[in-house]
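J.: When you get a sec, could you give me coordinates for this:
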Amino acid sequence: MIKRALVLFIILFTTGCSGIKSNVNTTKFIRYEGQKVRLAVPVVLCKATKCTGNIASITQDLLINELLHTNRFIILEREYGLEEIKKELLLFHSNMIDIRKAIPTGLLEGTDILVIGVITAVEPEKTKFFVPALIPWKEGDRLHITGGIAQYKESYIQIIVRLVDVRTGRVLKSIKGEGKWNWWNLVLGERTFKNGGVLGGISVDHSIPMEQAIQDMVKKIAVELIKSIPQEYYRHNIN
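T.: Residues are numbered from 1 along each chain as shown. Next up, the predicted model:
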């Protein structure tokens, strides 16, 4: 009887949850083969109360990945990877490496535009509404309660991105973007009572990570960046 009640409850709610569709769409860019812009994404800062270093780091990595996917930019490493490059170049010019196989210094490319990101709002799990349900039933002298809560939640993130000309320090453009991800969070439980005591129970909790909202945001930002960069910055060949 317990199993039947739980199975019925799960079927009812999972059937309702299956109708929820994500608002994150895969960005499709027209294949670009012209000259490119040299840019770097050196930092994404946290200025929102609920923002963490992990959220900022994920945002930076996903933004770089999305910009590379457009095929319009030569992305230059200007964060932790640059320190590793410096170490490698120092190793090449130490007495540990054959001088005939060493890479000459001074070949790193310069950046035209810096992309500076500032996260201004984060809401990891905001409940928009919830639907409770309880199914009481008896088995002899025991009272069983099978039920749970279906919560409709939203993850939200907002960022401001500045495009800075490296030669002049001028801010070319400031773009505000946001990302959202909606989902059902389902909590199920079954409790058995006898003489006022709890004899047993289970619960199931399911959630969707914040990364989905970040992915939604960086896709929108990449589209806006393409629109915002003046054409004269497209002056570099890939080779």
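J.: so how far is the top strand by length along the chain from its chain's centroid?
T.: Longest strand in the chain, counting residues (DSSP state E): strand 113-139. Centroid separation for strand 113-139 versus its chain: 15 Å, with Cα atoms, centre = their mean, to the nearest Å.
J.: Which positions in that strand come out as buried?
T.: 113-120, 122-124 (16 or more other Cβ atoms under 10 Å). (C-beta placed from N, C-alpha, C; glycine too.)
J.: ok, it: who's next to it in the sheet?
T.: strand 37-46 (parallel), strand 142-165 (antiparallel) (DSSP bridges).
J.: re the thing from before, could you identify the most distant pair in the buried residues of strand 113-139?
T.: I113 and P124 (30.9 Å; Cβ to Cβ).
J.: Okay, strands next: where are they in this protein?
T.: 37-46, 73-75, 113-139, 142-165, 171-194, 197-200, 203-205.
J.: Looking at those, which is nearest to K227?
T.: strand 171-194 (9.1 Å).
J.: Can you give me the domain boundaries for this protein?
T.: 2-16+36-76+112-230, 77-110 (automatic domain parsing).
J.: Now the terminal residues of the last one, how far apart.
T.: Domain 77-110 stretches 10 Å from its first residue to its last (Cα to Cα, to the nearest Å).
J.: Could you pull up the residues touching V164?
T.: Each residue near V164 by Cβ atoms under 8 Å, 6 or more residues apart in numbering is listed here: 113-116, 170-172.
J.: and if we set it to 6 Å?
T.: 114, 171 (Cβ atoms under 6 Å, 6 or more residues apart in numbering).
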